Every structure is written in C-alpha cells, then in structure tokens.
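Colleague: the sequence isn't on hand, but the structure is:
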C-alpha cells in the first residue's frame, strides 16, 4: 500500500506522464515477456508443430501405403473371384455333362434290361410252347396207343390174332429185302 501511494504521489507531482500510466508498464512487461520468453516459446511451438507435421506426414504415408495395399488386395480378390467364377462355371458344366452321360448310360442300361427281360420272356414262351407241343404229342401218342391196344384187344380177341401173325410172316420176306 505504501508503494502504491508513493507511486500515486509521484505521478501527481510530475503531471502524470506516460511513465506513470499503468497501461504503459503492462505493455512494456508484455513486450519484455515475449522478448525474453518468445524465442524459447517460439522454439517449443515450432518443435511441436514440426513434430505434429512429421506425425501427419507419417500418417499420410501410412495411409497411402495402406491404400495401395488395399487396392492390391482388392485387385487380387477380383482376380480370385474371376478365377472362382470361371472354375465354378466349369464345375457346373462338368456336372451337367456328367449328369447327361449318366442319364444316357442309365437309359441304355434300362433298354438293355428291358430287351433282356423281353428275350427271357420270349424264351420262356418258346419253351412253354415246345413243352406244350411235346405234352400234346405225348398225350396224342398215349391216346393212340391206348386206342390201338383197345382195338387190338377187340380184334385179337375175336380170332384175328392168328390171321395177323400169318399175314406178318408173309410180309417178312418182302420187308427184309
């Protein structure tokens, strides 16, 4: 308080020049502060800005490198997709061809099986016809033999047996020559 009063008294005695103005001394202190500390602060601010600039440059370099890698990966993925699409088309076509070939093979096998069964049925029918014809012949022979026996019994029983024996003996020389 005493210092302030003394400064006020001094200002009143001198008529209040610019040296007594507190704004002047604040300005002087501001200029001195920045003159003394400005260089140090400027160096620190400059170093911070340089570090920030270097970090941004690194980040941009990393971003550019990552972008290039991403573009390469995208191109590789597109090539892989194109190859996979081509391969899948080939696999699908192969599967279709294989299915058609198997279908044709199955149709041929089915036709062969039907032809074989048809031939077997025809063979069975022919065997049945042959067996039926043989059975009819055998039955006809049995009926003819039975009828002949019955006829011979009737005729031989009536005294005709001696006449037949004589007739057969008479025909022997003619049949032997």
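Modeller: Cool, got the structure. The structure displayed is predicted, hence computed values, not measured ones.
Colleague: check the gap between residue 77 and residue 25 for me.
Modeller: Taking CB to CB, to the nearest Å as the measure, residue 77 falls 71 Å from residue 25. C-betas here are computed from N, CA, C, even on glycine.
Colleague: same deal with residue 171?
Modeller: 184 Å.
Colleague: residue 150 now?
Modeller: 173 Å.
Colleague: again with residue 38
Modeller: From residue 38 to residue 25 the distance is 19 Å (CB to CB).
Colleague: retrieve the pLDDT associated with residue 70.
Modeller: Residue 70 carries a pLDDT value of 94.
Colleague: swap in the one 10 residues further on?
Modeller: Per-residue confidence at residue 80 stands at 95 (pLDDT).
Colleague: could you report the neighbour count for it?
Modeller: 10 (other CB atoms under 10 Å).
Colleague: tell me how far the helix or strand containing it lies from the chain's centre.
Modeller: Taking DSSP states H and E as the criterion, residue 80 maps to helix 22-155. From the chain centre to the centre of helix 22-155 is a distance of 2 Å (CA atoms, centre = their mean, to the nearest Å).
Colleague: check contacts around the residue most central in space within the chain.
Modeller: Geometric centre of the chain, nearest residue: residue 88, 7.4 Å, by CA atoms, centre = their mean. Applying CB atoms under 8 Å, 6 or more residues apart in numbering to residue 88 gives no contacts.
Colleague: quick check: it vs residue 75, distance?
Modeller: Applying CB to CB, the value for residue 88 to residue 75 is 20 Å.
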